[in-house]
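# sequence and predicted structure below; questions after.
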Amino acid sequence: MAPILEVHNLVKKYGDLEAVKGISFSIEEGEIFSLLGPNGAGKTTTISILSTLFTPTSGDAMIAGHSVIKDPMAVKKSIGIVPQEIALYEELSALENLRFWGQMYNLSGKALSKRIDEILEQIGLKDRAKERIKTYSGGMKRRVNIAVGLLHTPKLLFMDEPTVGIDPQSRRAILESVKDLNQSGMTILYTTHYMEEAQELSDRVGIIDYGELIAIGTQEELTAKVGETDTLILHLGENEDPVFLAKNLSEMEGVLQANPTDHQVAIVTPSAEELLAPVVSRVNELGIYIYSVDMREPNLEAVFLHLTGRALRD
Amino acid sequence: MQIKKLFLIAIKDLRLIFRDRSALVLMLLAPFVLSIGMGALTGGFSGDNETGVSNIPVLLLNQDEGVLGQALVDVFTSSELDDLVDPIVMDDFAAAKRQVDEDQAAGVIFVPSGFSSSVIQDVGGPIDFNPLEISFYSNPTSPTSAGVLRSILDQFINQVQIGRISAEVIVGQLLENGLISPEQAPEIGMQVGQESANTSSDPPSITIENETSDEEVIDFNILAYMAPGMAVMFLMYTVTFGAASLLFENQRGTLPRLLIAPTFSAYVLVGKAVGILLTAVAQLLILIVGTSLLFRLQWGDFPGLILLIFAAAWGASSWGMIFAAFLKTPGQIGITGSAVMLLFGVLGGSFFDLSMLPDWIQVVNKITPNAWAVDGFYILSVGGGLSDILPNIFALVVMGGILFTIATLWIRKRGLARK
């Protein structure tokens, strides 16, 4: 299948700060591709360039055969975007918002009314469509925010951290709707810093950190990078020093890496099961309080940890 | 389709602002309340008539030997103005000024010797209206009283001008056709001038129908003096609010979303600017219609009024766009806009009669849309027509053009969306 998106050596600088450092990747039609990385990694900047909001410092991207630099208007017609923030007019109703944004995407008349009806049905807000957005719950606002991005049935949909700051139930509904959209044939570029979401949704994942795409592939390909290693995560009490503990544990036999973060130490080991007892014993000897321990088999978080030496939530 | 989007953006902004209750209070209610409050507080007088304005002490010094000086005195001492003004005829200008300085009077009106002849003597000659000037020395502590006196004086001068110009034209034609001799010109010019002044068309809020008759008609309403100033001052609030909405939309993400939609960014910017302009026009129209219906204010010549509304809204909106271009956050715009609104209000004549301010302020204040707009509304309210306010309209249009161009160039250079 032909790529619907091809990114070539994309760079974006703000003065001395290089927010995106020459990333390249492509997305096939019908894929869900996730850009996974911590806050500030360059995900939103990348999406902003691909959606023609910002011009890249260098490099280019082709969407449905059109350059984001040379033919932005054609690109705009091919894409939809669901921004991270609730980009709606709070004083207008959902219906008024959808009508306005539909008109901005060249829809009008009966076609627009029909599409609005379909979308409202899809997001389950038909009964409350005439109420102002400011009266909606966070989850309802998120659903309208997504609906606006879908109004003109784009070929490629950018979803920039659409589940930030919402309750688990709404989050689950959004993840299901992403799967449904993909099954209906829509290609989706999804950004997140939640490893679980990337794992659940994605055909392929690009891991981004400090503006660099440090790994790309299917989940199997990525986890293979860390080999047959497990991760043991120790959750420390508030007054404990993770740096001191990590330094101490890294000297133990069977510990490949010990990485301190806020109130945690993540240990990479060939066998978490075998290492658990000696680690707990060492922690007790040091008089350090731990309130829980997680054992994880290879996953995207372990990949991130393996590649950067830091946990994804840093 | 793209042009249609421009208007959709503008109408959306208009709809949003009219759904914001706090904005509506400041846009529409505050000018009403402040006009009435300012009139009551700054007048420095009280009375039992409907407006609360009465018995304004005014000193008249008439050194003119002709009919016009006496006509002005007759106007101020007429029975129709009996409740409104309390005139005292004096001879000593220095003593009169001293009384004003000591708050014993709201102003001195001085008609110089030879005023009538300077108006009348050249009738039949080339149209070159450059008569001696009537002086008005006012008390800055009673701006509303002074404004009322100035309104009566302006109306008188306006009537004299109408008579003068009519006489110029008619006598000139009679002379050209040999129907009268040059010796007859002054007398006929005088008759024509009086009749023209008597039949001058639109009824202004303060009307003096004939400088030689006793038929003065007074229908003074304090709001007629305060309302234009307040309306224009709060126009600056509205455009500030509109400008802030541009940055607010950027923060909320709706502006980036608009820019990602298949719409030219220039149309988004112009759409936002048109939204500010439409809101400003709507505000002025509502205030004018409201004060006309509720308080029976006469705003004057309709075509002139409509054009002046658009010009004032355009001039004020351009300042809003300057704020949006050079300031970084809605908060900055809010603070700066409020400060500028008050400053422009003071400089532009919303609180004080501009003639009481120093000369340099009367030069500096020409950068404010308030000065041109308030003056224009004032001219219309005392009977002026479209031709009389063309300089004001021209100044506002040019001001708007220059500021919009600067703002647009800067915004395009910097980028409409900001990270």
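Perfect, I can see it now. Numbering: from 1, shown residues only, chains lettered A, B, ... in the order given.
# which residues of chain B score low on pLDDT?
Per-residue confidence for chain B (pLDDT under 70) gives these ranges: B:1, B:38-54, B:120-131, B:140-144, B:179, B:186, B:189-225, B:353-356, B:416-419.
# quick one, longest strand in chain B?
In chain B, with assignment by DSSP state E, the single longest strand is strand B:56-62.
# for that strand, buried residues please.
Of the residues in strand B:56-62, B:56-62 count as buried by neighbour count, 16 or more other CB atoms under 10 Å in any protein chain shown. Where you see a C-beta, it was placed from the backbone N, CA and C, and this is true even at glycine.
# stretch A:177-187 too?
In terms of neighbour count (16+ other CB under 10 Å), stretch A:177-187 has its buried residues at A:177-178, A:181-182, A:186-187.
# closest to residue B:226 out of these?
Set against residue B:226, the nearest of these by CB to CB is residue A:177 (57.7 Å).
# who's in contact with the closest one?
Neighbour list for residue A:177: A:122-123, A:146 [criterion: CB atoms under 8 Å, 6 or more residues apart in numbering or on different chains].
# so residue B:406: helix, strand or coil?
Following DSSP: H, G, I helix; E, B strand; the rest coil, residue B:406 is assigned to helix.
# that one: neighbouring residues, count only.
The local packing of residue B:406 (other CB atoms under 10 Å in any protein chain shown) involves 15 other residues.
# quick one: it and residue B:326 touch, right?
No. Here residue B:406 lies out of contact with residue B:326, judged by CB atoms under 8 Å, at a distance of 9.1 Å.
# so where do the strands sit in the chain?
Using chain A. Under DSSP E, chain A gives strands at A:3-14, A:17-28, A:32-36, A:58-63, A:66-67, A:79-82, A:156-160, A:187-192, A:204-209, A:212-217, A:230-236, A:257-261, A:264-269, A:290-296.
# nope, chain B please
Going by DSSP E, chain B shows strands at B:56-62, B:85-89, B:107-111, B:135-138, B:206-207, B:217-218.
# which residues touch the fourth one?
Contacting residues not belonging to strand B:135-138 are listed as B:96-97, B:100, B:106-110, B:112, B:146, B:149-150, B:153, B:353, B:355-356 [CB under 8 Å, 6+ apart].
# any idea which of those is closest to residue A:158?
residue B:353 (59.6 Å).
# domain map for the chain?
Just so you know, I chose chain A. A:3-219, A:228-297 (automatic domain parsing).
# hmm, I had chain B in mind actually
Chain B breaks down by automatic domain parsing into domains covering B:2-41+B:222-414, B:56-218.
# re earlier: of the strands of chain A, give the one that comes closest to chain B.
Checking the strands of chain A against chain B by CB to the nearest CB gives strand A:79-82 as the closest, at 5.4 Å.
# does residue A:249 touch residue A:257 like I think?
No. With contact defined as CB under 8 Å, residue A:249 does not reach residue A:257; the gap is 9.8 Å.
# the residue in chain B that chain A sits nearest to and residue A:82: what is the separation?
When scored by CB to the nearest CB, chain B has residue B:253 as its residue closest to chain A, at 3.5 Å. Residue B:253 sits 11 Å away from residue A:82, going by CB to CB, to the nearest Å.
# can you pull out the helices in chain A?
Per DSSP state H, chain A carries helices over the ranges A:43-50, A:72-78, A:94-104, A:109-123, A:138-150, A:168-183, A:195-201, A:219-224, A:242-249, A:272-285, A:300-308.
# out of residue B:253 and residue A:82, which sits in the more crowded spot?
Between residue B:253 and residue A:82, counting by other CB under 10 Å, residue A:82 is the more crowded of the two (24 against 18).
# ok, the residue lying closest to that one once chain neighbours are set aside - contacts?
In space, and not counting its chain neighbours, residue A:82 is closest to residue A:149: 4.1 Å by CB to CB, 6 or more residues apart in numbering or on different chains. Each residue near residue A:149 by CB under 8 Å, 6+ apart is listed here: A:80-82, A:157-159.
# mind running it again at 6 Å?
Applying CB atoms under 6 Å, 6 or more residues apart in numbering or on different chains to residue A:149 gives the contacts A:80-82.
# which regions of chain A sit below the pLDDT cut-off?
Residues of chain A that meet the criterion pLDDT under 70 lie in A:1, A:313-314.
# nearest the geometric middle of it, what residue?
residue A:192 (1.4 Å; CA atoms, centre = their mean).
# list the contacts of that residue.
Per CB under 6 Å, 6+ apart, neighbours of residue A:192: A:161, A:198.
# who's it bridged to?
residue A:36 (DSSP bridges).
# thinking again about what came up before, and the residue nearest to residue A:82, how far is that from residue A:76?
Counting by CB to CB, the gap from residue A:149 to residue A:76 is 12 Å.
# please apply the same query to residue A:192.
Look at residue A:192 and residue A:76: by CB to CB, they are 24 Å apart.
# cool, and residue A:198?
27 Å.
# would you mind listing what in the stretch 101-250 of chain A touches chain B?
Applying CB under 6 Å from any CB of the partner chain, one finds that the stretch 101-250 of chain A approaches chain B through A:103-105.
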